[in-house]
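> Requesting a structural model of the entry that follows:
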Amino acid sequence: MSLISRAHTKCMHWLSVIQPYLVEVAYFTFFLSRHMTLPLFQQYVKEEIEKQHKSTTPASINLTDTTKDALTHEEITLSVLSLQIAEGLPAVITVIMLGAISDKTGRRKILLWMPSLGSVLYSFIYIMIQYTGWNLDGLFMASALRGLSGSMTAFLAGGTFYAINSSNKENRSTRLGVQEFLNGIAYAIANIMVGYWVKSNGFLRPFWFTFICSCISFLISFFLVKEVEITQQNLVANRISSNQGSNNCCIDTFKPLSRFFKCCKNRKLIKVWLSIIAFQSYAIVHLGQINTLVLYFIGPPYQWDSDKFGVFAAVAMVVAAIGAAASPVILKPYLSDINITFIGLFSKAIGTMWIAVVKNETVLYFAILLLVGELLPFPMLRSVVSNSIETTDQGSLFALMHCGESISYFLAPLMFQAIYLHTFKFFSGFVFVISVTLLVIPVVFTIAIKYVEMNGPTEYERMSGENEGIETSQSYQQLQDQEETSQAISVISNTEVDV
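The predicted structure is shown next:
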């Protein structure tokens, strides 16, 4: 065997070894790019609008500095919010469509490479705008394209699907915890890099870096990640579903989703929806709190600068990410996913209340340790959902689960920042007391999940519509046997003619 052949064999061997974990590599590079572009585009819009106001305000108009700052801040806020809506609303529809299509066709990679491609186009448009000049319409096009690609919610759904179907049932929560760890580490690195990189080099180089990270994620997702192998029974069910189509694209795509809502007599589906509601309600509290922390620490009584807050947020997220990765490994032999979720909710409540009431800056840093479990509810609730649903339905269900998250990304900050602006004058930490109160909602739904888990059946309950698939599967198998028989007769006839 030649040297080239041996090298090729060894490379293919190592590629097959790391193949199941390539999704995590794409996951990290995608979210590193994502978490960098979020503060980058906000700072870029702020800087360009401030330049515009300085250059276009006529000298004849006498405005006080306070009025100018108020008008500028209002335009910046509206522009940033409009760009977030331009991405978030299309993503809600797209992620549901991609989930349904992935289940219908059996091609789950579309949940990974499509949002990666949207991220590539997003960074590329921002780079071109910096070369050609400020253009707010171009920014809206970038946001709309990333939203139409599914944005981060589609990638979360795809990453979750691959994590739970590339490991056995006992290790699913650990694998999901590793993904949450990578997400947290990417968030920490991105915040530190943006804070120092923009100050020293401007916006162009950071956007080139996000472009390269998105390209890496796209190339890995499209060319190196393999499709998840499904069982023969599931493959037959997919083919039957295709053969029984109504020739209407919308009906054929979205009609299978209707059985997820027929959960009155199905305890497994009740458990799934309780998990989704608990997940979404916790996501609203978590996302709203993270965005409000910026206003809280740069205002009185702390008056931190952006660099100091960036380091605090990065360290807190690293600690929480380590907790999300290590806790399932340590606690899983002794506790269920639901019990670990309770630990995460308790950690969030205690750490948040500590931030609200403590005013001593030195003592405040202890909140980082108290919030060590704040990311745990996300992988644990995803694991609960994955253990309650069949593989062929997971793409659609996780798409439904994460589409609400895209709405939360711009609604939660609005809600919490509005509370902060109306309450910080008499108690700056009151918004965090409210967020602790709102944690009662995911706690109640998690208790309901525990109740259903204790009183429900242990085996999988089929959803409405699946029995028909089994019956049709038998008829399909009979038809396939007839085709094989006719092919055999044809071969024998041809052989006789040759003789």
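> what about Gln303, neighbour count?
The number of residues packed near Gln303 is 9, by other C-beta atoms under 10 Å. For every residue, glycine as well, the C-beta is placed using N, CA and C.
> Check Lys10 too.
Lys10 - counted by other C-beta under 10 Å - has 10 other residues nearby.
> Quote the end-to-end distance of stretch 192-211.
Its first and final residues considered, stretch 192-211 spans 18 Å by C-alpha to C-alpha, to the nearest Å.
> so where's the protein uncertain?
The chain contains residues with pLDDT under 70 at 1, 55-66, 68, 70, 230-265, 306, 391-393, 395, 456-499.
> Can you tell me the centre-most residue of it?
In the chain, the residue lying closest to the centroid (C-alpha atoms, centre = their mean) is Leu156, at 3.3 Å.
> dump the residue contacts of Ile85.
Neighbour list for Ile85: Phe410 [criterion: C-beta atoms under 8 Å, 6 or more residues apart in numbering].
> Check the gap between Pro333 and Glu170 for me.
The span separating Pro333 from Glu170 equals 10 Å under the rule C-beta to C-beta, to the nearest Å.
> Same check on Thr292?
Separation of Thr292 from Glu170 (C-beta to C-beta): 38 Å.
> so Ile189 is in which element?
Using DSSP states H and E, Ile189 maps to helix 172-201.
> Now do that helix: which elements does it pack against?
Packing contacts for helix 172-201, counted by 3 or more C-beta pairs under 8 Å, 6 or more residues apart in numbering; DSSP states H and E, involve helix 22-56, helix 151-165, helix 204-219, helix 306-331, helix 377-386.
> From Trp304, how far out is the closest residue to Tyr302 other than its chain neighbours?
Leaving aside its chain neighbours, Tyr302 sits nearest to Glu361 (6.7 Å; criterion: C-beta to C-beta, 6 or more residues apart in numbering). Noted for Glu361: a distance of 9 Å to Trp304, by C-beta to C-beta.
> More neighbours: which of these two?
Taking neighbours as other C-beta under 10 Å, Glu361 and Trp304 compare with Trp304 leading, 16 against 11.
> The residue nearest to that one when sequence neighbours are not counted: what secondary structure?
Nearest residue to Trp304 in three dimensions, chain neighbours excluded: Phe297, at 4.6 Å (C-beta to C-beta, 6+ apart). Three-state assignment for Phe297 (DSSP: H, G, I helix; E, B strand; the rest coil): helix.
> ok, now the one 4 residues further on?
Under the three-state scheme (three-state DSSP), Pro301 adopts coil.
> Ramachandran coordinates for it?
Main-chain dihedrals, Pro301, degrees, to the nearest 10: phi -90, psi 0.
> hang on, it packs against Ser428?
Yes. Between Pro301 and Ser428 a contact is recorded at 7.1 Å, counting by C-beta atoms under 8 Å.
> who's more crowded, those two?
Neighbours were counted for Pro301 and for Ser428 using other C-beta under 10 Å; Ser428 has more, 19 against 10.
> Could I get the contacting residues of that one?
Contact analysis of Ser428 by C-beta under 8 Å, 6+ apart lists Tyr296, Gly299, Pro300, Pro301, Tyr420.
> same thing with Val294?
Phe309.
> ok, back up a step: quick one: which of Thr292 and Glu170 has more around it?
Set Thr292 next to Glu170 and count neighbours by other C-beta under 10 Å: Thr292 wins out with 23 against 9.
> Grab the nearest non-local neighbour of that one.
Phe416 (4.5 Å).
> Cys403 is in contact with the residue nearest to the centre of the chain, correct?
No. Assessed by C-beta under 8 Å, Leu156 is found out of contact with Cys403, at 10.2 Å.
> Just give the number of residues close to the residue nearest to Pro20 when sequence neighbours are not counted.
Closest residue in space to Pro20, ignoring its immediate chain neighbours: Ser166 at 4.6 Å, by C-beta to C-beta, 6+ apart. Around Ser166 there are 17 other residues, counting by other C-beta under 10 Å.
> And Ile110, by the same measure?
The criterion is other C-beta under 10 Å. On that basis, Ile110 has 20 neighbouring residues.
> how close does it sit to Leu98?
Noted for Ile110: a distance of 6 Å to Leu98, by C-beta to C-beta.
> so how far is stretch 439-447 from its chain's centroid?
Centroid separation for stretch 439-447 versus its chain: 21 Å, with C-alpha atoms, centre = their mean, to the nearest Å.
> Give me the contact list for that stretch.
So stretch 439-447 is in contact with 274-275, 277-279, 281-282, 285, 338, 341-342, 345, 348-349, 352, 377, going by C-beta under 8 Å, 6+ apart.
> Tell me the backbone dihedrals of the nearest residue to Lys51 once chain neighbours are set aside, please.
With C-beta to C-beta, 6+ apart as the criterion, Lys51 has its nearest non-adjacent residue at 7.9 Å, and that residue is Trp134. Reported as degrees, to the nearest 10, the phi and psi values for Trp134 are phi -60, psi 130.
> thought Trp134 was touching Val45?
No. If you go by C-beta under 8 Å, Trp134 and Val45 don't touch, sitting 9.5 Å apart.
> more neighbours, those two?
For the pair Trp134 and Val45, the greater number of neighbours falls to Val45 (20 against 15), based on other C-beta under 10 Å.
> Quick check: the residue nearest to the more buried one when sequence neighbours are not counted vs Pro39, distance?
Using C-beta to C-beta, 6+ apart and skipping residues adjacent in sequence, the residue nearest Val45 is Ser79, 5.2 Å away. Using C-beta to C-beta, we find Ser79 at a distance of 15 Å from Pro39.
> With Lys359 instead?
As judged by C-beta to C-beta, Lys359 and Pro39 stand 27 Å apart.
> Mind checking which of these two has more residues around it?
Applying other C-beta under 10 Å to Lys359 and Pro39 shows that Pro39 carries more neighbours, namely 19 against 11.
> quick one: contacts for that one?
By C-beta under 8 Å, 6+ apart, the contact set of Pro39 is Ala190, Asn191, Val194, Gly195.
> do you know how far it is from Lys46?
10 Å.
> list the contacts for the closest residue to Leu375 other than its chain neighbours?
Spatially, and ignoring its direct neighbours in sequence, Leu375 is nearest to Ala324 (4.0 Å; C-beta to C-beta, 6+ apart). Contact analysis of Ala324 by C-beta under 8 Å, 6+ apart lists Gly177, Glu180, Phe181, Gly184, Gly373, Leu375, Leu376, Phe378, Pro379.
> one more time with 7 Å, if that's ok
By C-beta atoms under 7 Å, 6 or more residues apart in numbering, the contact set of Ala324 is Gly177, Glu180, Phe181, Gly184, Leu375, Leu376, Pro379.
> Narrow these to those that are buried.
Taking 16 or more other C-beta atoms under 10 Å as the criterion, what is buried in the contacts of Ala324 is Gly177, Glu180, Phe181, Gly184, Leu375, Leu376, Pro379.
> want to throw the residues you listed into TSV with distance to Val315?
Listed next are the buried ones among the contacts of Ala324 as TSV, based on distance: C-beta to C-beta, whole Å:
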residue	distance to Val315
Gly177	20
Glu180	17
Phe181	15
Gly184	11
Leu375	14
Leu376	18
Pro379	21
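> ok, so of those, who is nearest Glu390?
Nearest to Glu390, judged by C-beta to C-beta, of the buried ones among the contacts of Ala324 is Pro379 at 20.3 Å.
> Against Gly184, how distant is the closest one?
Pro379 is 11 Å from Gly184, where distance means C-beta to C-beta.
> Now the host helix or strand of Leu411: buried residues?
Under the criterion of DSSP H and E, Leu411 resides in helix 394-423. Within helix 394-423, the residues scored as buried using 16+ other C-beta under 10 Å are 394-413, 415-417, 419-420.
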